[in-house]
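[1] structure for this input, please:
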Amino acid sequence: RELAGIRAVVDESSARAAPFALSVCGLGAFPSAKKPRALWLGLRGDVAPLVELHRDIDEQLARRSLPTEQRPFVRT
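    Modelled structure (predicted):
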């Protein structure tokens, strides 16, 4: 049930977002590629709309009392 709500929020937020173009410029893992606990992906291109999409998804999840990511979205 929670997954269905999260999926609905992502679908709705994505439908409202204007198209944007991104390209991958890096890939890695922490603490290492052999024993990854987290993956990272470097992106370039229209990153600002991606940040806005992330913000919208988090706001919609919070409004529906669904879990949100507590770690910050990092843009470097």
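
[2] show me the contact partners of the helix or strand hosting Glu59.
    Using DSSP states H and E, Glu59 sits within helix 47-63. Applying Cβ atoms under 8 Å, 6 or more residues apart in numbering, the external contacts of helix 47-63 come out as 6, 9-10, 12-14, 16-18, 20, 22, 43, 67-69, 73, 75. All C-beta spots, glycine's among them, are computed from the backbone N, C-alpha and C.

[3] list the contacts for Cys24?
    Check again: residue 24 is Val, not Cys. The contact partners of Val24, by Cβ under 8 Å, 6+ apart, come to Leu41, Gly42, Leu43.

[4] among the residues you listed, which are in strands?
    In this view, the contacts of Val24 that belong to strands under DSSP state E are Leu41, Gly42, Leu43.

[5] by neighbours, which of these wins?
    Leu43 (13 neighbours; other Cβ atoms under 10 Å).

[6] from Gly28, how far off is the residue of the chain most remote from its centre?
    Here the chain reaches farthest from its C-alpha mean at Lys34, the gap being 24.1 Å by Cα atoms, centre = their mean. Remark: distance between Lys34 and Gly28 (Cβ to Cβ, to the nearest Å) = 12 Å.

[7] ok, Arg71 next?
    Applying Cβ to Cβ to Arg71 and Gly28 gives a distance of 17 Å.

[8] ok, the two, which is more surrounded?
    Neighbour totals were compared for Arg71 and Gly28, and Gly28 leads with 12 against 6 (other Cβ under 10 Å).

[9] the helix or strand hosting that one vs helix 47-63, what angle?
    Per DSSP H and E: Gly28 is located in strand 22-31. Here the directions of strand 22-31 and helix 47-63 differ by 60 degrees (axes from the mean of the first three to the mean of the last three Cα atoms, to 10 degrees).
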